[in-house]
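>>> Fold the following for me, if possible:
(chains A, B and C)
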Amino acid sequence: MLAFIARRLLQSVIVMLVVAFIAFLVFRYVGDPLAALLSQDAKQADYDAARERLGLDQPFYVQFFYFVANALQGQFGISYRLQQPVSQLILERLPATIELAFASSIIALVGGVLLGIYTALRQRAVSTGIIMTMSLIGVSLPTFLIGIGLIYVFAVELKWLPSFGRGEVVQIGWWRTGLLTQSGLRSLILPAITLSLFQLTLIMRLVRAEMLEVMRTDYIRFARARGLSKRAINFGHALKNTMVPVITITGLQLGSVIAFAIITETVFQWPGVGSLFVNSVAAVDVPVMAAYLVFVALVFVVINLIVDILYFIVDPRLRVGAKTGR
Amino acid sequence: MTEPVLSIKDLVVEFPFRDDVFRAVDGVSFDIMPGEVVGVVGESGAGKSMTGSAVIGLIERPGHIAGGEIRLKGMRIDNLSEEQKAKLRGKRIGMVFQDPLTSLNPLYTVGKQLVETIRTHLPLNEAEARQKAIDLLTEAGIPKAAERIDSYPHQFSGGMRQRVVIALAIAAGPELIIADEPTSALDVSVQAQIIKVLKKLCASHGAAVMLITHDMGVIAQTADRMVVMHHGKVVETGTVGDIIRRPREPYTVKLIESIPTIVRQEGAAVPSVAANDDKAYVQVKALVRDFEIGGGSFAKLLPGKVEMFRAVNEVSFTINKGETFGLVGESGSGKSTCAKMIVGLVRPSSGHILVDGHDIWAGGKGHQERRKRVQMIFQDPYASLNPRWRVKDIIAEPMRTLDIARNRTEVDQRVAELLTKVRLDPSVMRKFPHEFSGGQRQRIAIARALSSQPEFIVCDEPTSALDVSVQAQVLELMQALQEEFGLTYLLISHNLAVVRQMSNAVGVLHNGVLVEKGPTDQIFDNPQADYTRMLLDAVPDISKVA
Amino acid sequence: MTDVPQSPDTPVLAAKSSRWKNFVQSDIVWSYRHSPITIVASVVAALLILMAIFAPWLAPYNPFNPATLNLMDGFTPPNSTSMSGKYFTLGTDSQGRDMLSTIMYGSRVSLFVGVMATLFAMVMGVGLGLVSGYVGGVVDAIIMRVADVQLSFPAILIALLIFGVARGIIPPNQQEGTAVWVLIVAIGLANWAQFARTVRGATMVERQKDYVAAARILGVNPIIILLRHVLPNVMGPVLVIGTIGLALAIIEEATLSYLGVGVPPTQPSLGTLIRIGQQFLFSGEWWILLFPAATLILLALSVNLLGDWLRDALNPKLR
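Numbers count the residues shown, from 1 in each chain, chains lettered A, B, ... in the order given. Below you'll find the model as predicted:
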């Protein structure tokens, strides 16, 4: 078990280093950092001084080393566009994104798993047909259109919910939360639903497909031949075997919610990390782009690791080291 | 007169298929008496498994029972509701499937699955059920059952797993056990034991057995009566002795005749005369193949010891020109690896292979010589032909690759010749593989092998995937071709009867080591090695049927 | 499949089986004819594609010629005439551009980017997948690791990143001309991994099969084995992913254009049009948003339905 974790940790570190390398390349070689920092009529001497001060005349690997060292301390330089330290910008906006991601993930997970099981067990019901059709439409609708549609219905026509922003926030230490105010919660509803729909559809289809696959296996057939009750078969055997591969893929999907938030945040003008990133791409604000890349990679790697460990715990075949029996 | 446990009358099972209907079972009738073992025999597609599924009520959609009736101890069961049928399963009818690996849920321990089944049908508490489970496992021949009950399925070997499966099926004390090919997925040496376990457990728990299989040998040793099925219909029924010695229907006659035995038959290959090894056409010298295990590709890049597994361990033998050498062994013995090395697919870790004096692994020239002389016929006729290619292109590929025929007319002509040689009409060359049966595909594969005009053909289980009645035809074709073209064969098989029939000399492979080799008669009639003796003993002998 | 046993001595009388007849009688065509939704979807998709391709000839007005635009035509509701007397089927936007024409041209851009990006992803993904599955070993491990990591990132993010980097590298005066191609490469690079993964899996399965072994014994060149033996047998899943991938690519492009980082404003795609239309949502000119949105939905939905049907039709287990 320990060897397994150690191996996965090592792989994670390698992935992070590779991503850091790419981020560094982006950071250093895309656009000209000096041009962004100095004013138009700076003289050559100013350029040289700035170059030396920023360490841009050092050899490549030294610069990379400093980049990684700084990154580990949370230092990513200064945003070209907003003239503030990047790490500060990200930290400011992180709580908004995390709350949104969290809310939508719960909706997606609970809804997806329940609907997936239902449509797998009640294959021929009319309601299943309707749900499957809706899911297909859901996959064909771009997230931003769903958001716009929801805004139109609930904010413009019905005027039940706000159409942009985060509502009032309460500051707890460094974290600004919108969960403790009524306006904050109301503002969260539409964006959370929008963000969750794509994930929900995917999870539902996945759970359904896996469950149908499991129901076709020999061991389920044998279980039926042994006279086990339907409940025992569906929920005791089939469900457990279904969840094993579902865990992996679901875990990875949930990680990507952080990134999908980009679109939702733009539609609803939600002040999170995602909208920060979009604006930085439009303005070619390189430090923010590079920092966001590293940040997202970190989230993914951590989630990957957790999923792998979960998988390890659930599937006994991985634990005991399967022998090829004869 | 006692009432039969199972009574099937005029059973019809249909599968609606596009605009048509396919009758898998077409008017089948037979009875099973209490405590009897009835074998249901036939080739694949005969409808025997479907009959079993119909009895226990587990036919896969869209198949369904379209006619006839099934009675369990006089009570009609085919028209019951799904819930009522579910109550019968396990309690009154049990079933054993073919593949023990996929029959057990990999995520639960064996004990949990047993206890669950026991408690579903019997009013026992957890501790009592567990004890009963341990007793069942011991009865099924699992050593140290009390400890192993908490192991997972993948921690057992195939034979052990099947014992667990049998224990599970009989746990609630059903009156009838349906065993659908219970030993086909197991090794030969284990098959006999499992059949004994099945028979013993059923006898001691008072269950009748419906034994579905294509393996006549198993039936001969185990069953009291036999039902022969073909194309969904019952061809003949009777006691096993009667049918084997006095088959009446023409299909039954053909079936019985095509069972290979390890007693020397007429027309079998003449045992080889010990030849001068250095002049032999094919010489295999100290062949070794090691595999690295574990880790994955990244592990190889890291320093440290990598574990090696020796699949082939210093194997040496020779084959005279125009003769057949049979390489015998069970799965995992290394015979496939040997074949792959001889044919050029896998590089030997050490050792030499000489064909007609040329070392076939000696650089580019070695490969050239090998390509011209060596060919292969594979086991699975469904995987050995590219499903997207026409038969003509499949057969023509070797001659095109080796530049034997250049223009289209020549190619067409040669392909037509080859097809005729394997007794297929030349016009089939325009068709695709899926339009043919297994036996026909194997003949196409033989035509392909001949297309490069080889002198030496490696045949890897050429008939194992075919039905018994077709096996004889293909083997006979191979012998005829050998005579006509002076071919040398390396025949790889686990089927001793086939090897006996076809080979001049035999080698016995066990865990990568060639334990014995020599002329056929010597090995079969006077085996020296313990392992060889064990293998020969495990083959069921039809002639011993009382 | 019903297996008809033949005695070896009766020659099999063969009728000439043509590829066409095989196809028409095949399961695929049968399931197509029996699925009304799929037929409708394919018709809709075909119509939209034709409309997009022939936009320059079919569109009643040219919406991008400043000379023909008249601000007085602006904000005309659908199915009515404007203040200058021209008829607009679907109304006009704030600048006086005909909505029907802008949708046609917009679909053209959306489809162009979508198709090209999918082709790019397909070629790259299938190529790498074939190599990875056939060669195995370290090469396979590296390619698959990269694909795995990439698959866990959403495509939008990757496309955004690539686009942003390209923006930083390409000098400003060339940005407009190359924007479409950068977009195609960005979306293509974001989507190749799915092809590669699937093809690699299928290749590994086929590689074990004996017909590949037979070709290897003959010494056939591995590249020829991959292209002539393996590839035809893995095309099925590729087509399914290609179709669904096309729908995804169209949506991705629309999203990027909506976010403002897609096609340049001079060549608006459906996404750009939606972005513009959203501004007028609250003020009542709903048609400026609705029609481009509806077209996008129809396009993506019909392609997705086709892909879904294709997946079921080609799945041997469901036959």
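>>> Centre-most residue in chain C?
residue C:246 (1.7 Å; CA atoms, centre = their mean).
>>> report the longest helix in chain C, please.
Longest helix in chain C, counting residues (DSSP state H): helix C:99-135.
>>> Check whether that helix comes near chain B.
No - figure legend: helix C:99-135 not in contact with chain B (CB under 8 Å from any CB of the partner chain); closest approach 11.0 Å. To be clear about C-beta, it is placed using only N, CA and C from the backbone, and glycine gets the same treatment.
>>> Could you list every helix and strand that that helix packs against?
helix C:36-53, helix C:55-58, helix C:137-152, helix C:175-208, helix C:231-259, helix C:270-278, helix C:287-314 (3 or more CB pairs under 8 Å, 6 or more residues apart in numbering or on different chains; DSSP states H and E).
>>> For it, buried residues please.
Buried residues in helix C:99-135, counted by 16 or more other CB atoms under 10 Å in any protein chain shown: C:99-122, C:124-126, C:128-134.
>>> Next up, the contacts around residue B:133.
Residues near residue B:133 by CB atoms under 8 Å, 6 or more residues apart in numbering or on different chains: B:111, B:114-115, B:118, B:149, B:167, B:171.
>>> circling back: return the residues in contact with the residue nearest to the centre of chain C.
C:114-115, C:118, C:303, C:307.
>>> cutoff 7 Å now
Contact analysis of residue C:246 by CB atoms under 7 Å, 6 or more residues apart in numbering or on different chains lists C:114-115, C:118, C:303.
>>> Render the CA-only coordinates of stretch C:72-81 in PDB, please.
This file holds the C-alpha atoms of stretch C:72-81, laid out as PDB (Å, rounded to 0.1, in the frame of the first residue of the first chain):
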ATOM      1  CA  MET C  72     -32.200  52.700 -40.700                       C
ATOM      2  CA  ASP C  73     -32.800  48.900 -41.300                       C
ATOM      3  CA  GLY C  74     -31.700  48.200 -37.800                       C
ATOM      4  CA  PHE C  75     -33.800  46.400 -35.200                       C
ATOM      5  CA  THR C  76     -36.400  45.200 -37.700                       C
ATOM      6  CA  PRO C  77     -38.500  42.400 -36.200                       C
ATOM      7  CA  PRO C  78     -38.800  39.100 -38.000                       C
ATOM      8  CA  ASN C  79     -41.100  38.700 -41.000                       C
ATOM      9  CA  SER C  80     -41.500  42.400 -41.600                       C
ATOM     10  CA  THR C  81     -40.200  45.200 -43.700                       C
END
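>>> Go through that stretch and flag the buried ones.
C:73-76.
>>> For chain A, what lies in contact range of chain C?
A:15, A:26, A:30-31, A:136-137, A:139-142, A:144-145, A:148, A:152, A:156, A:252, A:255-256, A:259-260, A:262-263, A:266, A:278, A:281-282, A:284, A:286, A:289, A:293, A:296, A:300, A:304 (CB under 7 Å from any CB of the partner chain).
>>> would a markdown table of the contacts of residue B:133 with distance to residue B:398 be doable?
Below are the contacts of residue B:133 laid out as a markdown table (distance: CB to CB, whole Å):
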| residue | distance to residue B:398 |
| --- | --- |
| B:111 | 55 |
| B:114 | 54 |
| B:115 | 58 |
| B:118 | 59 |
| B:149 | 55 |
| B:167 | 51 |
| B:171 | 55 |
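>>> Return the closest of those residues with respect to residue B:328.
residue B:167 (32.5 Å; CB to CB).
>>> per-residue confidence at residue C:289?
Looking at residue C:289, its pLDDT is 85.
>>> Pick the most buried one from the helices and strands packed on helix C:99-135.
Across these, averaging neighbours per residue (mean count of other CB atoms under 10 Å in any protein chain shown) puts helix C:270-278 on top, at a mean of 26.
>>> Run the chain-centre distance for it.
Distance of helix C:270-278 from the chain centroid (CA atoms, centre = their mean, to the nearest Å) equals 20 Å.
>>> Residue A:108 is in contact with residue A:203, correct?
Yes - contact criterion CB atoms under 7 Å: residue A:203 and residue A:108 qualify, at 5.9 Å.
>>> OK, contacts around residue 132?
Went with chain A since none was named. Counted by CB under 7 Å, 6+ apart, residue A:132 has contacts residue A:119.
>>> I was thinking of chain C, sorry if that wasn't clear
By CB under 7 Å, 6+ apart, the neighbours of residue C:132 are C:139-140, C:143-144, C:196, C:200.
>>> Between all of these, which two are separated the most?
C:139 and C:196, at 12.3 Å, using CB to CB across the contacts of residue C:132.
>>> Just read off the phi/psi values of the residue of the stretch 101-250 of chain A found nearest chain B.
At 2.6 Å from chain B, residue A:227 is the closest residue in the stretch 101-250 of chain A, using CB to the nearest CB. For residue A:227, the backbone dihedrals (degrees, to the nearest 10) come out as phi 80, psi 20.
>>> any idea of the pLDDT on it?
Reported pLDDT for residue A:227: 85.
>>> wait, it sits on residue B:91?
Yes - shown here, residue A:227 and residue B:91 form a contact pair, counting by CB under 7 Å, at 5.6 Å.
>>> least trustworthy helix or strand in chain B by mean pLDDT?
Here the helix or strand of chain B ranked lowest by mean pLDDT, DSSP states H and E is helix B:297-301, holding a mean of 51.
>>> what sits up against stretch A:158-168?
Outside of stretch A:158-168, the residues within contact range by CB under 7 Å, 6+ apart are A:96, A:151, A:154-155, A:178, A:181, A:183-184, A:186-187, A:189-190, A:268-271.
>>> Mind checking which of those land in strands?
The strands, defined by DSSP state E, take in nothing from the contacts of stretch A:158-168.
>>> Just the buried ones from the residues you listed?
Among these, those classed as buried by neighbour count (16+ other CB under 10 Å) are A:96, A:151, A:154-155, A:178, A:184, A:187, A:190, A:268, A:270-271.
>>> thinking again about what came up before, using TSV, lay out the contacts of residue C:246 together with pLDDT.
As requested, those are arranged in TSV below (pLDDT from 0 to 100):
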residue	pLDDT
C:114	93
C:115	94
C:118	95
C:303	90
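>>> between these, which is closest to chain B?
Nearest to chain B among the contacts of residue C:246 is residue C:118, at 23.6 Å by CB to the nearest CB.
>>> Residue C:195 versus the closest one, what's the distance?
With the distance defined as CB to CB, to the nearest Å, residue C:118 ends up 9 Å from residue C:195.
>>> same question, residue A:96
When residue A:96 is compared with residue C:195 (using CB to CB), they lie 35 Å apart.
>>> Where does the prediction get shaky in the stretch 1-150 of chain A?
A:1, A:29-42, A:50, A:53-57 (pLDDT under 70).
>>> at 90 what do you get?
For the stretch 1-150 of chain A, applying pLDDT under 90 flags the ranges A:1-110, A:112-114, A:116-150.
>>> Closest approach to chain B from it, which residue is it?
residue A:11 (8.6 Å).
>>> residues touching that residue, list them.
Here residue A:11 is in contact with no residues (criterion: CB under 7 Å, 6+ apart).
>>> What of residue B:479?
residue B:502.
>>> For it, what are phi and psi?
The phi/psi pair for residue B:479 (degrees, to the nearest 10) is phi -70, psi -40.
>>> Looking at the contacts of residue B:133, spot the one nearest residue B:372.
Nearest to residue B:372 among these, counting by CB to CB, is residue B:167 at 55.7 Å.
>>> Surely that closest one and residue B:136 touch.
Yes - contact criterion CB under 7 Å: residue B:167 and residue B:136 qualify, at 4.2 Å.
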